[in-house]
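Asker: Predicted coordinates and the sequence they were generated for:
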Amino acid sequence: MDSSPLKALDTRLLESLQLDGRAPFSHLARRLDVSERTIARRYQHLRTLGLRIVGQPVPDRLGLVRWLLRLRCTPDAAGTIAEALARRPDTSWVTLASGGTELYCAVNTRTADERNALLLRKLPRTPHVLSVSAHCMMRIFIGATSTWHATRFHTPGPAPAVDSGTPDAPLTLDATDRVLFTELARDGRATLPELSQVSGRSASSVQRHLERLRTEGALGFSVDFDPQLLGYHMTTQLWLHVTPAHLRTVGETLATHPAIAFAAAITGTSNLVASGVFRTPAELYDYIDQHIGPLPGIQSIETAPTLREVKRLAPALP
């Protein structure tokens, strides 16, 4: 096995996987103008460094509501509470920030009862939790199938989605769809024969299910790779208070910035949250000064560097 450090080809391969996590090696080889054998070798090398391709449900297409929870805890208990949240099947990621006394997590809920059980009963009764704020994600500008920790490696992001008027009805899933979501959460590049075996369906049937889920916008794929291996040592959450008239403009603009992996309009005093990946504190400062500062309607900004990722890219399955 080639144990060399990251090469320029590795970064280009990661960028291509961001565009399509399930793209065959043959397609990737043509795109990058190298042999298929070279692609396979570099992919396996990246896997030894922790690369994962993760299939994830798109919450709003499946009738789920995504919440961002922000908890402030006593310093001695924050790690324990974060670990407990990470064990819940409905959380997709959990991080510690702000000196280890604040943690964030994303949770998908299907019903008001599910939401209230966590927000009104479970968390308020948890010892050493000083405060809880819950922010409903109203509009995700970028990162709909990723977490704050799936870096974009400075690949230009897709154009923001255009509103189509009446939202589509939630997609109905059958037993095969649910099996596929479970298996693709473990390995987004699982082969058709592997998916066929675990689902008990033919390869052609599995292919039809995958095409339907992807075409309907219910299934996406994220690249999980430690940004520090690419020289990015500062993942930071940005909480912005933006005037309502400029909220869409700011959100859509952030979605075009290479440093931003995630941006969403949320409920609460800070009505827009984003996650940026930077090399150094100086680069973060320059980003705020040169890219955030000139945007219209921004009334305040709060930054919170991530200290530890307790859970990452573990989809809360539908």
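Answerer: Happy to help now that I have it.
Asker: buried sites along the lowest-mean-pLDDT helix or strand in the chain?
Answerer: The weakest-scoring helix or strand in the chain, judged by mean pLDDT, DSSP states H and E, is helix 112-116 (a mean of 82). Neighbour-count burial for helix 112-116, counted by 16 or more other CB atoms under 10 Å, picks out residue 115. To be clear about C-beta, it is placed using only N, CA and C from the backbone, and glycine gets the same treatment.
Asker: Quick check: next helix or strand after it?
Answerer: strand 129-142 (DSSP states H and E).
Asker: What segments of the stretch 51-200 of the chain are helices?
Answerer: Defined through DSSP state H, counting those that start in this stretch, the helices belonging to the stretch 51-200 of the chain, from first to last, are 78-86, 112-116, 175-186, 192-199.
Asker: what about the second one, distance to the chain center?
Answerer: So the one you mean is helix 112-116. 23 Å (CA atoms, centre = their mean, to the nearest Å).
Asker: Now do residue 250 against residue 284, distance only.
Answerer: According to CB to CB, to the nearest Å, residue 250 and residue 284 sit 18 Å apart.
Asker: what do you get for residue 239?
Answerer: Counting by CB to CB, the gap from residue 239 to residue 284 is 14 Å.
Asker: Residue 54 now?
Answerer: Distance, residue 54 to residue 284, using CB to CB: 27 Å.
Asker: Quick check: which ranges of this protein have low pLDDT?
Answerer: 1-5, 144-167, 314-318 (pLDDT under 70).
Asker: the more surrounded of residue 54 and residue 284?
Answerer: residue 54 (25 against 20; other CB atoms under 10 Å).
Asker: Quick check: the more buried one touching residue 220?
Answerer: No: using CB atoms under 8 Å, residue 54 is not in contact with residue 220; the gap is 9.4 Å.
Asker: Strands of the stretch 151-300 of the chain, start to end?
Answerer: 219-224, 234-242, 260-266, 272-278, 298-311 (DSSP state E, counting those that start in this stretch).
Asker: what pairs with residue 236 across the strands?
Answerer: Here residue 236 shows beta-bridge partners residue 276, residue 305, assigned using DSSP bridges.
Asker: hmm, back to that, show me the one of the helices of the stretch 51-200 of the chain that comes nearest residue 296.
Answerer: Residue 296 lies closest to helix 112-116 among the helices of the stretch 51-200 of the chain, at 33.6 Å (CB to CB).
Asker: Just the CA trace of that closest one, in PDB.
Answerer: C-alpha atoms of helix 112-116 as PDB (Å, rounded to 0.1, in the frame of the first residue of the first chain):
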ATOM      1  CA  ALA A 112     -44.300  17.200  17.500                       C
ATOM      2  CA  ASP A 113     -44.300  14.500  20.200                       C
ATOM      3  CA  GLU A 114     -40.700  13.400  19.200                       C
ATOM      4  CA  ARG A 115     -39.600  17.100  19.300                       C
ATOM      5  CA  ASN A 116     -41.300  17.800  22.700                       C
END
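Asker: Which residues does it contact?
Answerer: Contacts to helix 112-116, defined as CB atoms under 8 Å, 6 or more residues apart in numbering, come from residues 65, 67, 90, 109.
Asker: excluding its backbone neighbours, what's nearest the last one?
Answerer: Same thing as residue 109. What sits nearest to residue 109 in space, not counting adjacent residues and going by CB to CB, 6 or more residues apart in numbering, is residue 115, at 4.3 Å.
Asker: Over to the first one?
Answerer: Beyond its immediate neighbours in the sequence, the residue positioned closest to residue 65 (CB to CB, 6+ apart) is residue 109, lying 5.3 Å away.
Asker: Give me the buried subset of the contacts of helix 112-116.
Answerer: 65, 67, 90, 109.
Asker: Could you pull up the residues touching the nearest residue to residue 171 once chain neighbours are set aside?
Answerer: Among residues not flanking residue 171 along the chain, residue 218 sits closest, at 4.8 Å (CB to CB, 6+ apart). By CB under 8 Å, 6+ apart, the residues touching residue 218 are 57-58, 61-62, 171, 173.
Asker: Quick one: residues contacting the closest residue to residue 265 other than its chain neighbours.
Answerer: Leaving aside its chain neighbours, residue 265 sits nearest to residue 139 (4.3 Å; criterion: CB to CB, 6+ apart). Counting by CB under 8 Å, 6+ apart, residue 139 touches 251, 264-265.
Asker: Neighbours of residue 47, how many?
Answerer: Count around residue 47 with other CB under 10 Å applied: 14.
Asker: which other helices and strands contact the helix or strand containing it?
Answerer: Per DSSP H and E, residue 47 falls inside helix 36-48. On a contact count with 3 or more CB pairs under 8 Å, 6 or more residues apart in numbering; DSSP states H and E, helix 36-48 meets helix 8-19, helix 25-32.
Asker: can you tell me which of the ones you listed comes nearest to residue 122?
Answerer: Nearest of the helices and strands packed on helix 36-48 (CB to CB): helix 8-19, 35.4 Å.
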